[in-house]
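Colleague: Structural data only, the sequence is not supplied:
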């Protein structure tokens with residue numbers, strides 16, 4: 001049986017976290033976003049959605 005592919009979401013860092021709260025910087029690091037315009041693909045689940053919501057002003061969600 002083939003395992004169904006999990007739905008993913010692509011996230012791009014579009015604004016520098018300099019000058020923002022430490023928890024927002026830590027959230028970006030946990031998402032794997034370290035450089036400007038970097039794009040990461042993560043599994044779309046409640047935890048990732050919460051992380052995106054925390055830094056919504058710094059990232060852009062791309063079509064997966």
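Modeller: Noted; the coordinates are in hand. Only a predicted model underlies this, so the values are computations on that prediction, with no experimental measurement involved.
Colleague: from here on, contacts and neighbour counts on C-alpha atoms
Modeller: OK.
Colleague: hang on, residue 13 packs against residue 61?
Modeller: No. Applying CA atoms under 8 Å, one finds residue 13 not in contact with residue 61, separated by 9.0 Å.
Colleague: Look at those two and report which has more neighbours.
Modeller: Per other CA atoms under 10 Å, whichever of residue 13 and residue 61 has more neighbours is residue 13, with 23 against 16.
Colleague: got a list of what the more buried one touches?
Modeller: Going by CA atoms under 8 Å, 6 or more residues apart in numbering, residue 13 touches 33, 35-39, 58-60.
Colleague: hmm, try it at 7 Å
Modeller: Counting by CA atoms under 7 Å, 6 or more residues apart in numbering, residue 13 touches 33, 36-39, 58-60.
Colleague: Check residue 36 too.
Modeller: 13-16.
Colleague: Give me the phi and psi for the nearest residue to residue 52 once chain neighbours are set aside.
Modeller: Excluding its sequence neighbours, the residue lying closest to residue 52 (CA to CA, 6 or more residues apart in numbering) is residue 59, at 7.6 Å. Backbone torsions of residue 59, given as degrees, to the nearest 10, read phi -120, psi 170.
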